[in-house]
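Peer 1: structure of the sequence below:
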Amino acid sequence: MNKLNLSLNYDIKTAKAIAKRVFDQYAKQNHANIEDQEVSPMIRDAYSSIGQNINPNQTDVKGFVTVLDKDGDGKVSLEDFERHCVDLFCGKSASSYLQNS
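Peer 2: As a prediction, the model looks like this:
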């Protein structure tokens with residue numbers, strides 16, 4: 001599977017601020033992590049923003065969590081989500097992000 005490169009040349013601080021805003025919007029039940037049931041609306045909203053209507057199934061949700069779960073603990077924390085946004089928006093790897101934060 002090809003990785004989508006959306007590097008927009010944001011700095012790390014801006015990418016982390018975006019991550020925090022999005023994370024806070026979806027992490028309703030547990031402010032420490034985004035739970036599986038909170039991932040479905042994220043996926044629906046992301047696809048809706050590009051004019052696609054989907055209803056994600058459990059396999060979609062698990063796959064999305066796997067992508068976002070950067071530390072492999074089975075949960076999506078704010079730190080995981082920040083790393084993902086830095087990778088996506090800054091074109092940096094998670095290890096590079098950790099060295100610069």
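Peer 1: the spatially most central residue of the chain is in what secondary structure piece?
Peer 2: Closest residue to the average C-alpha location of the chain: Phe81 at 4.4 Å, with C-alpha atoms, centre = their mean. In this structure, Phe81 sits in helix 78-90 according to DSSP states H and E.
Peer 1: as a whole number, average confidence for that helix?
Peer 2: Averaged across helix 78-90, pLDDT comes to 87.
Peer 1: what helices or strands is it leaning on?
Peer 2: If you count contacts as 3 or more C-beta pairs under 8 Å, 6 or more residues apart in numbering; DSSP states H and E, helix 78-90 packs onto helix 12-26, helix 58-68, helix 94-100. Where you see a C-beta, it was placed from the backbone N, CA and C, and this is true even at glycine.
Peer 1: neighbouring contacts of stretch 54-64?
Peer 2: 36, 39-40, 42-44, 47 (C-beta atoms under 8 Å, 6 or more residues apart in numbering).
Peer 1: swap that for stretch 19-36, sorry
Peer 2: 37-39, 41-42, 58, 61-62, 65, 68, 75-78, 81-82, 84-86.
Peer 1: let's see that with 6 Å instead.
Peer 2: 38, 42, 61, 75-78, 81-82, 85 (C-beta atoms under 6 Å, 6 or more residues apart in numbering).
Peer 1: residue ranges with poor pLDDT in the protein?
Peer 2: Counting by pLDDT under 70, the chain contains low-confidence ranges at 1-8, 30, 92-101.
Peer 1: perfect, that will be all.
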